[in-house]
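Peer 1: could you look at this predicted model? Sequence included:
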Amino acid sequence: MAAFKTLDDLPQDLRGKRVLVRADLNVPMADGDVTDDTRLRAVLPTITELADKGAIVLLLSHFRRPEGRKRPDMSTALLVSPLHELTGRSVKFIEDCQGEEAARAISIMLPGNIGILENTRFHEGETQNDPALAAGMAALGDFYVNDAFSAAHRAHASTVGITEHLPSFAGRAMEAELKALEAALGNPEHPVAAVVGGAKVSTKLTVLTNLVDKVDHLVIGGGMANTFLAARGVDVGKSLCEKDLLGDAEAIFEAADRADCTIHLPYDVVVAKEFEANPDSLRTCNVHEVADDEMILDIGPAAVEALGDAIKNCRTLVWNGPLGAFETEPFDAATVALAKIAAALTQGGSLTSVAGGGDTVAALAHAGVTDDFSFVSTAGGAFLEWMEGKRLPGVAALEE
């Protein structure tokens, strides 16, 4: 991994220095209240550390998709109160993220003050990485800190363009994320296992193609596994299956053979005739015994035990996506069981476990093991692009 600077590389005395912090404050809200404050909490260590050193902390963020228009229902002013409650400090709202009005508002702020700038996406130039907008944002600060890994896959003015004008650093959340990802796939301790689940192979083809060259064991679960089973000649009944991708699945099998990567598919499965909670038709069977009117909705206990044994021999685990239809009981059983095995190995010190992606975060929380993994990334698209082996523009900008 190329080197990037962190908060440790900033001057010790930041008294009165204006630090622009790119955060991801794009949190879900209902009736004016934040329904999930994970992203706000993620940036707290960076905010408090900078404020305690006397910096004037200026938060930059997008909020929803206003598409270059000013929309009161998408103003970051809505986040002033939630941030005030979390930080226990006063938070000032600044009515633009560039320009003279913003500069005037910032000029009367005192060391240790926190301000939140207006939604970066109120300017069309944000998503186009417009040089003039990036320069306008940069003019408001002395230093730039990116603490938004979840926005790092976007080459925007506030994630990439701004770094050309100011000394740039990774915030504490970004630093933790990059270190975890480096440990998981950049320079991991082998053997490495990857668990990739989810409904469709089509959304994860690039991920799987990248992983077979990087990992020793590739566990394929969720609806995706059905397409791989079908490619191996298994009749999967009326299960979700992308028949047009059987050739792609075959190509991944062949690439895995060349790379000496073992692909793990379930040999027992949990099936039902209807997709609902605890259906009467529920049964566990060998993968070759699925009836024409049945669908595979989870992997079976014998397969979970075998996967657990494989992971016990590994030093590193990367996890993205559930093994079954985990939102509906009892099709959460395999995901919960394997997550608990991985969590126990992590806590025992034999495994470094890194997980990410929206469904994955929900599945691990459902299993009650979020805090027992080495690292759980809340980034969705950025985590997936990193698993695909892509260079993330927001990270590359910090490295350069």
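Peer 2: The structure has been received and is ready for your questions. These numbers come from a predicted model, not from an experiment. Residues are numbered from 1 along each chain as shown.

Peer 1: ok, which stretches of the protein are helices?
Peer 2: 38-52, 80-87, 100-107, 131-138, 172-181, 205-211, 222-231, 246-259, 301-312, 333-347, 358-367, 381-387, 393-399 (DSSP state H).

Peer 1: and the ones you listed, which is most packed in?
Peer 2: Ranked by mean neighbour count under mean count of other Cβ atoms under 10 Å, those are led by helix 222-231, which reaches a mean of 25. Heads up, the C-betas are built off the backbone N, CA and C, glycines and all.

Peer 1: for it, packing partners?
Peer 2: Helix 222-231 is packed against helix 246-259, strand 295-299, with contacts defined by 3 or more Cβ pairs under 8 Å, 6 or more residues apart in numbering; DSSP states H and E.

Peer 1: adding mean pLDDT, write these out as TSV.
Peer 2: Shown next, in TSV, are the helices and strands packed on helix 222-231 (pLDDT from 0 to 100):
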stretch	mean pLDDT
helix 246-259	97
strand 295-299	97
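
Peer 1: can you list those in CSV and add distance to residue 219?
Peer 2: As requested, the helices and strands packed on helix 222-231 are exported to CSV (distance: least, Cβ to Cβ, whole Å):
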stretch, distance to residue 219
helix 246-259, 12
strand 295-299, 9
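
Peer 1: return the distance of residue 367 relative to residue 388.
Peer 2: Using Cβ to Cβ, to the nearest Å, residue 367 is found at 25 Å from residue 388.

Peer 1: so what touches stretch 304-311?
Peer 2: Contacts to stretch 304-311, defined as Cβ atoms under 8 Å, 6 or more residues apart in numbering, come from residues 193, 195, 217, 219, 262, 264, 267, 317, 323, 333-334, 337-338, 341-342, 345, 351.

Peer 1: likewise for stretch 86-103?
Peer 2: For stretch 86-103, contacts defined as Cβ under 8 Å, 6+ apart pick out 37, 40-41, 44, 47-48, 51, 58, 60, 76-77, 80, 83-84, 105-106, 109, 113-120, 122-123, 133, 136-137, 139-140, 158.

Peer 1: how far does it sit from the chain's center?
Peer 2: Distance, stretch centre to chain centre, for stretch 86-103: 27 Å (Cα atoms, centre = their mean, to the nearest Å).

Peer 1: just the C-alphas of it, formatted as CSV.
Peer 2: The C-alpha trace of stretch 86-103 is given here as CSV (Å, rounded to 0.1, in the frame of the first residue of the first chain):
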residue,chain,number,x,y,z
LEU,A,86,-23.2,13.2,19.9
THR,A,87,-20.2,15.6,20.4
GLY,A,88,-21.6,17.4,23.5
ARG,A,89,-20.3,20.6,21.9
SER,A,90,-22.0,23.4,20.0
VAL,A,91,-22.1,23.0,16.2
LYS,A,92,-22.5,25.9,13.9
PHE,A,93,-24.2,25.7,10.5
ILE,A,94,-22.5,27.4,7.6
GLU,A,95,-24.8,28.2,4.7
ASP,A,96,-22.5,27.2,1.8
CYS,A,97,-19.4,25.0,1.3
GLN,A,98,-17.5,27.6,-0.6
GLY,A,99,-17.5,31.4,-1.3
GLU,A,100,-17.5,34.7,0.6
GLU,A,101,-20.5,34.0,2.8
ALA,A,102,-19.0,30.8,4.1
ALA,A,103,-15.6,32.5,4.5
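
Peer 1: who wins for proximity to residue 26 among the helices of the chain?
Peer 2: Minimum separation from residue 26 across the helices of the chain (Cβ to Cβ) falls at helix 38-52, 6.8 Å.

Peer 1: helices or strands next to the closest one in the packing?
Peer 2: Right, helix 38-52 is packed against strand 18-22, strand 56-60, helix 80-87, helix 172-181 by 3+ Cβ pairs under 8 Å, 6+ apart.

Peer 1: adding mean pLDDT and distance to residue 223, write these out as TSV.
Peer 2: Formatted as TSV, the helices and strands packed on helix 38-52 follow (pLDDT from 0 to 100; distance: least, Cβ to Cβ, whole Å):
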stretch	mean pLDDT	distance to residue 223
strand 18-22	98	36
strand 56-60	98	38
helix 80-87	96	36
helix 172-181	94	26
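
Peer 1: can you put these in TSV and add distance to residue 152?
Peer 2: Output for these, formatted as TSV (distance: least, Cβ to Cβ, whole Å):
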stretch	distance to residue 152
strand 18-22	9
strand 56-60	14
helix 80-87	21
helix 172-181	8
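
Peer 1: with just CA atoms, put stretch 300-318 into PDB.
Peer 2: What follows is stretch 300-318, C-alpha atoms only, in PDB (Å, rounded to 0.1, in the frame of the first residue of the first chain):
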ATOM      1  CA  GLY A 300     -27.300 -26.900   5.600                       C
ATOM      2  CA  PRO A 301     -25.700 -27.700   8.900                       C
ATOM      3  CA  ALA A 302     -23.200 -30.200   7.500                       C
ATOM      4  CA  ALA A 303     -22.000 -27.600   5.000                       C
ATOM      5  CA  VAL A 304     -21.600 -25.000   7.800                       C
ATOM      6  CA  GLU A 305     -19.600 -27.400   9.900                       C
ATOM      7  CA  ALA A 306     -17.300 -28.100   6.900                       C
ATOM      8  CA  LEU A 307     -16.900 -24.400   6.300                       C
ATOM      9  CA  GLY A 308     -16.100 -23.800  10.000                       C
ATOM     10  CA  ASP A 309     -13.400 -26.500   9.700                       C
ATOM     11  CA  ALA A 310     -11.900 -24.700   6.600                       C
ATOM     12  CA  ILE A 311     -11.900 -21.300   8.300                       C
ATOM     13  CA  LYS A 312     -10.300 -22.800  11.500                       C
ATOM     14  CA  ASN A 313      -7.200 -23.500   9.300                       C
ATOM     15  CA  CYS A 314      -7.100 -19.900   8.000                       C
ATOM     16  CA  ARG A 315      -5.400 -16.800   9.300                       C
ATOM     17  CA  THR A 316      -7.400 -14.200   7.500                       C
ATOM     18  CA  LEU A 317     -11.100 -13.900   6.500                       C
ATOM     19  CA  VAL A 318     -12.900 -11.400   4.300                       C
END
